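Chemist: here is a sequence together with a model predicted from it:
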Amino acid sequence: AVKTRFIAGGQQLLRADFETSRPVGAKIEERIVDELERLLPRAAALVLSDYGKGVLTDHVIQVAISGARAAGIPVIVDPKGADYARYRGATLVTPNLKELAEAAGSSGAGDAKVEEAARGVLAKSGIAAMVVTRGPEGLSVVKMDSPAVHVRAQAREVFDVSGAGDTVVATLALSLATGADLPTAARLANLAASIVVGKVGTASVTSEELRAAADDESRVHSKLKTTAALVDLVERWRRRNLRVGFTNGCFDLLHPGHLSLIRQARSGCDRLVVGLNSDASVRRLKGPTRPVSSEAARAEILSAIADIDAVVIFDEDTPLRLIEALRPDVLVKGADYTIGQIVGADFVLSYGGQVLRAALEPGHSTTAVIAKMGSR
């Protein structure tokens, strides 16, 4: 096979393939089987990357999976075609959305649709689990006996998606071979893919790059920061050329309007910091009956949102001191504020930063929610 890639401005535009897909002959098939039987007892994992070009015949696949199971090692299959029953007994299959739709006989967007299609294919094929690669949406881990896990992609500039799927498969195999559980393996695979798409051509991921990305990913489990710790974290993000955004608010009784603001803010940056008014600050701004939820509860809820990378509580009436300390690349506030009314806008614009006014989600406010609760 010959693959010709067309690249402009450092980004791949398209690829033309010239190839044949005839099945291998009996002699070559026999040699492949002999090699499998020789190598499997010493292997830590087996990857079957099925390109549908004739190498992985049904017989080769059966020998490979049965040999791996006998050796007690995981089998990861990058599948092809609509009949996944030919991979029966595999530990894991890793279709992309298009391949899943072909195997399931249906398609649909969103976590629920992906999970439904994956469970249907697993039930018919006798395979233990599936990791669905969803491009910019990340990965979905689906097993028949447990809830699905959806791992969101890391926001990065994409230069070339060549080899991203292979990177996912390789990282899954390495992780499972070293004893990681499947959700952990999927998170590492997601991080590895997010690194490789930022490189031109079919590139590899180094252990140092993956370790750095994993260290950064750990922020999900400890997003609440002091100002001093956050300043240090933002500086480390900047050394990696990541664009830092900032928005702020009380976020009392989280509602769809809040989530819309957060989504819009995250779309304009690589890392999003949320400044959260303390309880004392909210009382000064909203009155003695607010907040409804404590600052600890509000911070915990915000930390659970994937689009948010760090949360910091401030006690002043405005976040100006915090903005001056962080120097965000993007400052985000709702479109009900003019540029002149947005605290810190002049400061951010002074060093070349951007101020984004997020569109409002009509009909949603904490005050309205509280009033409705009171009327009932």
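Modeler: Alright, I've got the coordinates. Fair warning: this is a prediction, and the values are worked out from it, not measured in the lab. Numbering: from 1, shown residues only.

Chemist: where does the stretch 1-150 of the chain dip in pLDDT?
Modeler: Applying pLDDT under 70 to the stretch 1-150 of the chain flags residues 1.

Chemist: 80 instead, please
Modeler: For the stretch 1-150 of the chain, applying pLDDT under 80 flags the ranges 1, 9-12, 19-21, 107-109, 136.

Chemist: for the protein, what spans make up the helices?
Modeler: Along the chain, counting by DSSP state H, helices occupy 26-39, 58-71, 97-104, 111-125, 164-177, 182-196, 207-217, 227-239, 256-267, 279-286, 295-303, 320-326, 345-350, 366-375.

Chemist: and the first one, C-alpha only, in PDB?
Modeler: As requested, C-alpha coordinates have been extracted for helix 26-39 and formatted as PDB (Å, rounded to 0.1, in the frame of the first residue of the first chain):
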ATOM      1  CA  ALA A  26      -2.300 -20.300   2.600                       C
ATOM      2  CA  LYS A  27       1.500 -20.300   3.000                       C
ATOM      3  CA  ILE A  28       1.700 -16.800   4.400                       C
ATOM      4  CA  GLU A  29      -1.300 -17.400   6.700                       C
ATOM      5  CA  GLU A  30       0.500 -20.500   8.000                       C
ATOM      6  CA  ARG A  31       3.700 -18.500   8.700                       C
ATOM      7  CA  ILE A  32       1.600 -15.800  10.600                       C
ATOM      8  CA  VAL A  33       0.000 -18.500  12.700                       C
ATOM      9  CA  ASP A  34       3.400 -20.100  13.500                       C
ATOM     10  CA  GLU A  35       4.800 -16.700  14.600                       C
ATOM     11  CA  LEU A  36       1.700 -16.100  16.800                       C
ATOM     12  CA  GLU A  37       2.100 -19.500  18.500                       C
ATOM     13  CA  ARG A  38       5.800 -18.800  19.100                       C
ATOM     14  CA  LEU A  39       5.400 -15.300  20.400                       C
END
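
Chemist: report the angle between that helix and helix 58-71.
Modeler: Here helix 26-39 runs at an angle of 10 degrees relative to helix 58-71 (axes from the mean of the first three to the mean of the last three C-alpha atoms, to 10 degrees).

Chemist: got the buried residues for helix 26-39?
Modeler: 29, 32, 33, 36 (16 or more other C-beta atoms under 10 Å). Yep, even glycine has a C-beta here, placed from its N, CA and C like the rest.

Chemist: thinking again about what came up before, quick one: which of the helices of the chain is nearest residue 3?
Modeler: Between residue 3 and the helices of the chain, the tightest spacing by C-beta to C-beta is seen for helix 164-177, at 13.0 Å.

Chemist: count of residues packed around the nearest residue to residue 356 once chain neighbours are set aside?
Modeler: Nearest residue to residue 356, sequence neighbours excluded (C-beta to C-beta, 6 or more residues apart in numbering): residue 332, at 4.6 Å. By the other C-beta atoms under 10 Å criterion, the neighbourhood of residue 332 contains 25 residues.

Chemist: quick one: residues contacting residue 332.
Modeler: Residues near residue 332 by C-beta atoms under 8 Å, 6 or more residues apart in numbering: 245, 246, 247, 261, 264, 265, 268, 355, 356, 357, 358.

Chemist: among the residues you listed, which lie within strands?
Modeler: Among the contacts of residue 332, DSSP state E puts 245, 246, 247, 355, 356, 357, 358 in strands.

Chemist: how about residues contacting stretch 53-70?
Modeler: 1, 19-24, 29, 32-33, 36-37, 40, 43, 46, 48, 50, 74-75, 86-90.

Chemist: between the ones in strands among the contacts of residue 332, which is closest to residue 110?
Modeler: Lowest distance from residue 110 to those (C-beta to C-beta) belongs to residue 358, with 22.9 Å.

Chemist: what's the burial count for the closest residue to that closest one other than its chain neighbours?
Modeler: Of all residues not flanking residue 358 in the chain, residue 264 sits nearest, at 4.0 Å (C-beta to C-beta, 6+ apart). Neighbours of residue 264 under the rule other C-beta under 10 Å: 21.

Chemist: show me where pLDDT drops low in the stretch 151-300 of the chain?
Modeler: Low-confidence segments of the stretch 151-300 of the chain, defined by pLDDT under 80: 152-164, 196-204, 207-208, 211-222.

Chemist: count the neighbours of residue 214 for me.
Modeler: Counted with other C-beta under 10 Å, residues neighbouring residue 214 total 13.

Chemist: residue 133 versus that one, what's the distance?
Modeler: Separation of residue 214 from residue 133 (C-beta to C-beta, to the nearest Å): 19 Å.

Chemist: repeat that for residue 322.
Modeler: 38 Å.

Chemist: repeat that for residue 246.
Modeler: 32 Å.
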